[in-house]
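J.: What would the 3D arrangement of this be:
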Amino acid sequence: MKRLFGTDGVRGVANKDLTPELAMKIASATALTLKPQGRECVVFVGCDTRLSSPMLCDAILCGLCAVGARAVNLGVLPTPAVAFLTKAHRADAGIVISASHNSFEHNGIKIFNSEGYKLADELEERIESLVEGEIPLATGAQIGIREDKIEYRVEYLSYLKSIAPERLDGLKIAIDCANGATSALAGELFSSLGAECQVMACKPDGVNINEGCGSVYIEKMCDYVVKNRLDAGIAFDGDGDRLMCVNERGEVVDGDMIMASLAYDMKKRGALVKSTVVGTIMTNLGFERFCQENGIDFIPARVGDRYVLEEMLLGGYSFGGEQSGHLIFSDYSTTGDGMLSAIMLLSLMKRKSLPLSTLHSVMKRFPQALVNVDADKEQKLVFLRSEKIKKILDDAKAELGSNGRIVARPSGTESLVRIMVECDTDPEKIANETAEKIRAVLAEA
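T.: A predicted model of the protein is given here:
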């Protein structure tokens, strides 16, 4: 059996790669793997707004009850909300049905342990092993019970309000909910903190999640913020675990720039534990230079917020994140949380009485280009093993020398190979040329 779990759970096209049958088996295997000794396994389940989510949610709830677990349906909620509630209510696991930033026809399954952290590789492998075999089903009085606890979302919102460093009175912001899991929550949250909110892409219909909106498609937000003279624009992805921002000038502020703004302030206040920030190998070189100039240690992890968190936990660090907008504040959350990150950034703007453009100016972004090459699972293996591709990348790195860098890797969530180039002159040209050469090799596979 091929490995089910990628860097962010199980992903695939709903009813093709990810069927209700497979979802049911994954749920049953999860409950059997994480079942505590001497009592029933309690599992919280939440989902995003895509068309296939209710179908897969029902299958997962069924799979949990089929092996004797108590299945608690939370309804539509952001991924970090499910992680928070799982830990707060001492459930044994949390399951999220979402494909994050992907288009509506895709879906996925993410699993959290009782502490709200994504599962270790070893546990994922045990779940996969059970999925491949025969799963023992409960009978009679041992069959599990389903509960609906939609009202638990109020606890998550109350928690976010309670940890907000500042009220946001006077700030005028736009919020793009990507027609996803934050649609019913974000406007209420930020309005309750005092911000004047203009909320968009908050009317999900099952197929419009991430469709020309949200953190992946932020261009419309740039024009909107300038036209309406707003202080900032905030855009979440489909499951609400990350964000991208727009400053008052209509310029995109990515995860690296948000991290620089917050890390600079945290360092000045003595709130940055061990004066360290964890990023990834894709973090912009400008962020690394910002760290060097400000006495901050930078640790690059593998791409994926789970790997950022692993490094944070290993070193006891309090702050980390990715360029894509997954930011982790380990004092407050066990995973990336877009709404929490927005609260922290807007609170900094409010406390400093400074525009967002001034806050992120502490970092000078290095010119960067990212090109994607379509690649199925077999082609990803070719990419990793091919000597031809290794030479293509080595030649590109030699051309850049000390004036830049190139990072190429298979995506853990999509059928892509990502090629990132950073250099002082025309990174787009080098990235496209490298991508074309790699496409040619993969086409032969």
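J.: distance of the residue of the chain positioned farthest from its centre from residue 278?
T.: Relative to the centre of the chain, the most outlying C-alpha is that of residue 140, 40.1 Å out, by C-alpha atoms, centre = their mean. Distance, residue 140 to residue 278, using C-beta to C-beta, to the nearest Å: 49 Å. All C-beta spots, glycine's among them, are computed from the backbone N, C-alpha and C.
J.: Check residue 335 too.
T.: For residue 335, the distance to residue 278 (C-beta to C-beta) stands at 14 Å.
J.: now do residue 59
T.: Counting by C-beta to C-beta, the separation of residue 59 from residue 278 is 36 Å.
J.: With neighbour numbers in mind, choose between the two.
T.: Neighbour count, other C-beta atoms under 10 Å: between residue 59 and residue 278, residue 278 has more, with 28 against 21.
J.: The more buried one and residue 317 touch, don't they?
T.: Yes. Counting by C-beta atoms under 8 Å, residue 278 does reach residue 317; the two are 5.6 Å apart.
J.: what touches both of these two?
T.: 299, 311 (C-beta atoms under 8 Å, 6 or more residues apart in numbering).
J.: related to what we said a few turns ago, model confidence at the residue farthest from the centre of the chain, what's the number?
T.: At residue 140, the pLDDT value in this model is 96.
J.: before we move on, what about residue 413?
T.: 73.
J.: rewinding a little: and the residue farthest from the centre of the chain, how far from residue 31?
T.: Residue 140 sits 17 Å away from residue 31, taking C-beta to C-beta as the criterion.
J.: Residue 39 in helix, strand or coil?
T.: coil (DSSP: H, G, I helix; E, B strand; the rest coil).
J.: quick one, phi psi at it?
T.: Torsion angles at residue 39 (phi, psi; degrees, to the nearest 10) stand at phi -150, psi 170.
J.: Number of residues surrounding residue 206?
T.: If you count neighbours by other C-beta under 10 Å, residue 206 ends up with 13.
J.: likewise residue 124?
T.: Residue 124 has 20 neighbouring residues, counting by other C-beta under 10 Å.
J.: now do residue 217
T.: 17.
J.: do residue 32 as well
T.: Residue 32, neighbours per other C-beta under 10 Å, totals 17.
J.: So it is in contact with residue 133, correct?
T.: No. If you go by C-beta under 8 Å, residue 32 and residue 133 don't touch, sitting 10.8 Å apart.
J.: Name the spans of this structure whose pLDDT lies under the cut-off.
T.: For the chain, the stretches with pLDDT under 70 are 1-2, 445.
J.: And residue 24, its phi and psi?
T.: phi -60, psi -40.
J.: Could you check how far it is from residue 56?
T.: Taking C-beta to C-beta, one finds residue 24 at 9 Å from residue 56.
J.: Could you point out the longest helix of this structure?
T.: Ranked by residue count, the top helix of the chain under DSSP state H comes out as helix 427-443.
J.: Export only the CA atoms of it, formatted as PDB.
T.: Taking C-alpha atoms only, helix 427-443 is exported to PDB below (Å, rounded to 0.1, in the frame of the first residue of the first chain):
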ATOM      1  CA  PRO A 427      15.100  34.800 -10.500                       C
ATOM      2  CA  GLU A 428      12.000  34.300 -12.600                       C
ATOM      3  CA  LYS A 429      14.100  33.500 -15.700                       C
ATOM      4  CA  ILE A 430      16.300  31.000 -13.900                       C
ATOM      5  CA  ALA A 431      13.300  29.300 -12.200                       C
ATOM      6  CA  ASN A 432      11.400  28.900 -15.500                       C
ATOM      7  CA  GLU A 433      14.500  27.600 -17.400                       C
ATOM      8  CA  THR A 434      15.100  25.100 -14.600                       C
ATOM      9  CA  ALA A 435      11.500  24.100 -14.500                       C
ATOM     10  CA  GLU A 436      11.400  23.400 -18.300                       C
ATOM     11  CA  LYS A 437      14.400  21.100 -18.100                       C
ATOM     12  CA  ILE A 438      12.900  19.200 -15.200                       C
ATOM     13  CA  ARG A 439       9.600  18.900 -17.100                       C
ATOM     14  CA  ALA A 440      11.400  17.400 -20.000                       C
ATOM     15  CA  VAL A 441      13.000  14.700 -17.800                       C
ATOM     16  CA  LEU A 442       9.700  13.900 -16.000                       C
ATOM     17  CA  ALA A 443       7.900  13.600 -19.300                       C
END
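J.: which secondary structure elements does it contact?
T.: For helix 427-443, the packing partners by 3 or more C-beta pairs under 8 Å, 6 or more residues apart in numbering; DSSP states H and E come out as strand 368-374, helix 377-385, helix 387-400, strand 404-410, strand 416-423.
J.: For residue 95, which of those is the nearest?
T.: helix 377-385 (23.7 Å; C-beta to C-beta).
J.: thinking again about what came up before, winner for burial among the helices and strands packed on helix 427-443?
T.: Mean neighbour count (mean count of other C-beta atoms under 10 Å) peaks for strand 416-423 among these, with a mean of 22.
J.: Next, the residues that contact that strand from outside, please.
T.: 282, 284-285, 366-375, 379-380, 383, 396, 400, 403-411, 427-428, 430-431, 434-435, 438, 442.
J.: Parallel or antiparallel, list what pairs with it.
T.: According to DSSP bridges, strand 416-423 has the following sheet partners: strand 368-374 (antiparallel), strand 404-410 (antiparallel).
J.: Name the surrounding residues that touch the first one.
T.: Read it as strand 368-374. For strand 368-374, the external contacting residues (C-beta under 8 Å, 6+ apart) are 284, 411, 415-422, 427-428, 430-432, 434-435, 438-439, 442.
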